[in-house]
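**Student:** predicted model and sequence follow; I will ask about them next.
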Amino acid sequence: SSLPPGRPFALISHRFEVFIAEATVHEAPSWDSPCICIKSSGDSAETEEETFDGWARLSDEPGWICRAATRSNGQVQELLSSCSALKFMSVAEVSDGPGTRSFCVVGT
């Protein structure tokens, strides 16, 4: 299969289900970015890339969707439910904002 222009390698996609009433899809991974559509509870979201502040890029349509956010009490709220038993976030905590994050990869 051919890759989209500018993409040097294929990314593995992961399917999530929206389990909140509505999840907005934005042009960029930010609440300040324009909303381009809304997914409703029960809709699926096919994603292939994730930021440390909880955003996931959709793989089958344009846009970014927030899949996890930090609430005012400091608790992480999942906005999408994984359709797989595997956990896909690299770290359990959600960063306060965009940017790089250091973490240790441990293998067995």
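**Tutor:** Everything's here; your move.
**Student:** tell me what the helix or strand where residue 45 lies is packed against?
**Tutor:** Taking DSSP states H and E as the criterion, residue 45 maps to strand 44-50. Strand 44-50 sits against strand 14-18, strand 55-58, with contacts defined as 3 or more CB pairs under 8 Å, 6 or more residues apart in numbering; DSSP states H and E. Heads up, the C-betas are built off the backbone N, CA and C, glycines and all.
**Student:** let's have the ones you listed in a markdown table, adding mean neighbour count and mean pLDDT.
**Tutor:** Putting the helices and strands packed on strand 44-50 into a markdown table (neighbours: other CB atoms under 10 Å; pLDDT from 0 to 100) gives the following:
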| stretch | mean neighbour count | mean pLDDT |
| --- | --- | --- |
| strand 14-18 | 19 | 90 |
| strand 55-58 | 21 | 93 |
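**Student:** still on that earlier bit, show me which residues of the strand holding residue 45 are buried.
**Tutor:** By neighbour count on 16 or more other CB atoms under 10 Å, the buried set for strand 44-50 is 45, 47, 50.
**Student:** for the helices and strands packed on strand 44-50, which one sits closest to residue 78?
**Tutor:** strand 14-18 (9.3 Å; CB to CB).
**Student:** which stretches of this protein have low pLDDT?
**Tutor:** By pLDDT under 70, the low-scoring segments of the chain are 1-11, 85-104, 108.
**Student:** with adjacent residues omitted, what lies nearest to the spatially most central residue of it?
**Tutor:** Centroid-nearest residue in the chain, with CA atoms, centre = their mean: residue 56, separated by 2.1 Å. Leaving aside its sequence neighbours, residue 56 sits nearest to residue 47 (CB to CB, 6 or more residues apart in numbering; 3.9 Å).
**Student:** perfect, I'm done here.
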